[in-house]
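>>> Predicted model and sequence follow; I will ask about them next.
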Amino acid sequence: MLDIFPQLTFTPETLALIRTAPIEMNTGMPMPDFPTVSVHEQFVPGPQGAPDVRVLVYLPADRSTLLPAVLYIHGGGYIIGTPEQEDIGAKSIVSTLGCVAVSVDYRLAPETPHPGPVEDCYAALMWLYTHAEELGVDTTRIAIQGGSAGGGLAAALALLTRDRGEVPLAFQVLIFPMLDDRTATSTDPHPYTGEYIWTHEANHFGWAALLGQEPGGPDVSPYAAAARADHLEGLPPTFISVGALDLFLEEDMEYARRLIRAGVPTELHVYPGAFHGFNMMADAKVSQ
């Protein structure tokens, strides 16, 4: 995978090119087909004073009963990515679990810094909740999921949702989530993490873009960096997974520890020898 994946150097000058250049991941594995899953594009009301939010809605063929649903948030360091890149993952969940999925095309930084991205995700979640009847969704079984920056947004969204008290969340799935801007400015970095795919340099660029300022400062909102939250009580049951060579290893383990200490049912998986995004290489044993 490391031989296939392009080396990305993020600067203000290269960002537009990186966004438009497709990442070709030819793993030699056949692409799965999901004939029982339908997908359609929808534009839902955005945050106050902001544009509508584009979402992709995934529906299973069998909708004879009320179904659980997941709000799906793509990754990309807060600066790149689209919901289309998560298409196979979303379809796989819908096909396997028989749930509904709504994948969010949130606005990207630095053009839209915090709180724009998380507010877009909240708008999509509110639309899912308020349109549950027409979607055939059980409002007591709504989960949120994301990987990398999508995991960071999911964690921040869980905090925002808890504090606003409008939507009950059943579960949060955080896949190697990007939770703590202070990792970008650490004076004692882990000696083995962050060498591959998402590096210290990329992390600093992503956080600076989202925050609109240097990361690591004293006044960062927990709705931007969930690790900054003072209290984690009342969050939904949580699943966190991360590789042992991932730059986010220690911040994810610490967040899991704090969740457990706050009484939140939490499951943490750490995969030895795995770097950031290792699940993209589907035929690797650790990914399986």
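Right, received. Where do you want to start? Numbering: from 1, shown residues only.
>>> name the helices or strands packed onto the helix or strand of the chain with the lowest mean pLDDT?
Lowest by mean pLDDT, DSSP states H and E among the helices and strands of the chain is helix 15-20, with a mean of 92. When contacts are defined as 3 or more Cβ pairs under 8 Å, 6 or more residues apart in numbering; DSSP states H and E, helix 15-20 packs onto no helix or strand at all. Every C-beta, even on glycine, is put in place using the N, C-alpha and C of the backbone.
>>> next SSE after it?
Next along the chain after helix 15-20, taking DSSP states H and E as the criterion, comes strand 37-44.
>>> in that next one, what counts as buried?
Neighbour-count burial for strand 37-44, counted by 16 or more other Cβ atoms under 10 Å, picks out 37, 39, 44.
>>> Spit out the contact partners of the second one.
Right, the one you point to is residue 39. For residue 39, the contacting residues are 56, 57, 58, 59, 87, 91, by Cβ atoms under 8 Å, 6 or more residues apart in numbering.
>>> rerun that using 7 Å as the cut-off
Going by Cβ atoms under 7 Å, 6 or more residues apart in numbering, residue 39 touches 56, 57, 58.
>>> For beta bridges, what are the partners of it?
Note on residue 39: beta-bridge partners by DSSP bridges are residue 58.
>>> Okay, it and residue 243: tell me how far apart.
29 Å (Cβ to Cβ, to the nearest Å).
>>> How about the first one?
Using Cβ to Cβ, one gets 28 Å for the distance from residue 37 to residue 243.
>>> Then residue 15?
Residue 15 is 25 Å from residue 243, by Cβ to Cβ.
>>> higher neighbour count, these two?
Neighbour totals were compared for residue 15 and residue 243, and residue 243 leads with 26 against 19 (other Cβ atoms under 10 Å).
>>> contacting residues for that one?
Residue 243 touches 176, 271, 274, 275, 276, 278, counting by Cβ under 7 Å, 6+ apart.
>>> In TSV: the residues you listed, plus pLDDT and distance to residue 97.
Converted to TSV, those look like this (pLDDT from 0 to 100; distance: Cβ to Cβ, whole Å):
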residue	pLDDT	distance to residue 97
176	98	21
271	96	22
274	95	24
275	94	28
276	94	25
278	90	23
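>>> Of the residues you listed, grab the buried ones for ChimeraX.
To isolate the buried ones among these in ChimeraX, judged by 16+ other Cβ under 10 Å, type:
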select :176,271,274,275,276,278
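>>> Kindly reformat the contacts of residue 243 as JSON lines containing distance to residue 234 and secondary structure.
Conversion of these to JSON lines gives the following (distance: Cβ to Cβ, whole Å; DSSP: H, G, I helix; E, B strand; the rest coil):
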{"residue": "176", "distance to residue 234": "24", "secondary structure": "coil"}
{"residue": "271", "distance to residue 234": "29", "secondary structure": "strand"}
{"residue": "274", "distance to residue 234": "31", "secondary structure": "coil"}
{"residue": "275", "distance to residue 234": "33", "secondary structure": "coil"}
{"residue": "276", "distance to residue 234": "29", "secondary structure": "coil"}
{"residue": "278", "distance to residue 234": "32", "secondary structure": "helix"}
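>>> For this protein, which segments are assigned as strands?
For the chain, applying DSSP state E gives strands covering 37-44, 53-60, 67-73, 100-105, 137-147, 171-175, 238-243, 266-271.
>>> Per-residue pLDDT of residue 282, please?
The model reports residue 282 with a pLDDT of 73.
>>> burial of it, as a residue count?
Around residue 282 there are 15 residues (other Cβ under 10 Å).
>>> Nice, that's everything, thank you.
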